[in-house]
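> What shape does this take:
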Amino acid sequence: MSNKIKLALIVFLVVFCCTYFFTKSSLSYKFNPYAVDDIQEKEENLTKGHSKVLAAEPLEKGTYVQSSFDVDDQDSSVGEMDKEKPAALEDPDAQIDTPAKGDKGEPLWDKKLVQQLSFLQSPIPGAKISSRDSQLPGAPRTYRNGTHEGLDYYDGFCGVPVHFGDPVYAAGAGIIIRVDHNYKELPMDKREEMLRASAAAGDTPEDILDKLRGRQVWIVHAFDVVTRYAHLDTVSENIQVGDWVEAGDFVGTIGNSGTSNGARGTRGDAHLHFEIWIENSYLGEGLPPEEVRSLWHQVLSAVN
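Next comes the predicted model:
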């Protein structure tokens, strides 16, 4: 074999090897953990195997949900719940079986609903359902002519200490659909202007209510269940829209953003406001306080 042929073979082998290892490395680097096939591999991490997880290809890096949601100075990525369902976990065969409203006195929920939501856990370890009716979903909020849509965790009322800056954890496995990294606190005059507008409207408009929740994180779970974590002081720097999180992953810290104390720049009134949404309803909507407390206790205390 001539020297020229030997040289050509050596060059060919070198080029082939370089190309092979470069391509392999590139494919590994570009691996998208939220592509359809890979999301389906994670379905066993969702609740009880009831739900088959489907995911749409992201429109752009880190983006799964597009909507007309408009909140000044915030980096929200999901709109009102009745405008657009999160595409990332949508499956028509995986629906929450909410009992129809029965006769007066009948509960609007049953054991099957509790079982389907039992993958959720308290976002504050060891915390119990508040002992105060005013901190439950459905409690009136006269200062803004509205209704409380979530559960408040306050120090002294949920069985564990709750302080400004304490950690908040994901209540279940799912995909981040909103995280307010660039939140800016409302000035007091603008907040009072919003409250006057709510009083005039006879209810709290959704855009105003969203700003009153302060800094937030939203997660979509199996069955199209969405959990919201509000009044946060900070959010985890390690989460972005489209990220997969497991139950117990750190999402932020307790604060008072969106409240009057937050607008004043103090640390008073620190608490976590936690919401569970099923389609267009918050968990406990329309129920009396004793049933709300019982339902939330069973959901967050259920054995998985």
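> Can you list the low-confidence ranges for the protein?
In the predicted model of the chain, residues 1-108, 302-304 satisfy pLDDT under 70.
> Regarding it, what is its longest strand?
Longest strand in the chain by number of residues (criterion: DSSP state E): strand 225-235.
> Make sure residue 298 is indeed in a helix.
Yes. Going by DSSP: H, G, I helix; E, B strand; the rest coil, the assignment for residue 298 places it inside a helix.
> all helices of the chain, in order?
Along the chain, counting by DSSP state H, helices occupy 3-29, 36-41, 111-116, 188-201, 206-212, 260-264, 289-301.
> and residue 280, how many neighbours?
Summarising burial for residue 280: neighbours were counted as other CB atoms under 10 Å, giving 11. For glycine as for every other residue, the C-beta is placed from the backbone atoms N, C-alpha and C.
> going forward, begin numbering at 897 instead of 1
In the new numbering, first residue 897, that becomes residue 1176.
> ok, now how distant is residue 1051 from residue 1094?
When CB to CB, to the nearest Å is the yardstick, residue 1051 and residue 1094 sit 27 Å from each other.
> and the end-to-end length of stretch 1140-1160?
Between the opening and closing residues of stretch 1140-1160 we find a distance of 35 Å, counting by CA to CA, to the nearest Å.
> Tell me the buried residues in stretch 1090-1107?
In terms of neighbour count (16 or more other CB atoms under 10 Å), stretch 1090-1107 has its buried residues at 1090, 1091, 1094, 1100, 1104, 1105, 1106, 1107.
> my bad, stretch 1050-1062
Result for stretch 1050-1062 [16+ other CB under 10 Å]: buried residues 1050, 1053, 1054, 1058, 1060, 1062.
> from these, which is closest to residue 1018?
For the buried residues of stretch 1050-1062, the closest approach to residue 1018 (CB to CB) belongs to residue 1054, at 8.7 Å.
> Would you agree the closest one is in contact with residue 1026?
Yes. Under the criterion of CB atoms under 8 Å, residue 1054 lies in contact with residue 1026, with a separation of 5.5 Å.
> re the thing from before, strands paired with the longest strand of the chain, and their directions?
If you go by DSSP bridges, strand 1121-1131 pairs up with strand 1111-1116 (antiparallel), strand 1146-1150 (antiparallel), strand 1168-1174 (antiparallel).
> now, of those, which is deepest in the fold?
Highest mean neighbour count of the strands paired with strand 1121-1131: strand 1111-1116, a mean of 26 (counted as mean count of other CB atoms under 10 Å).
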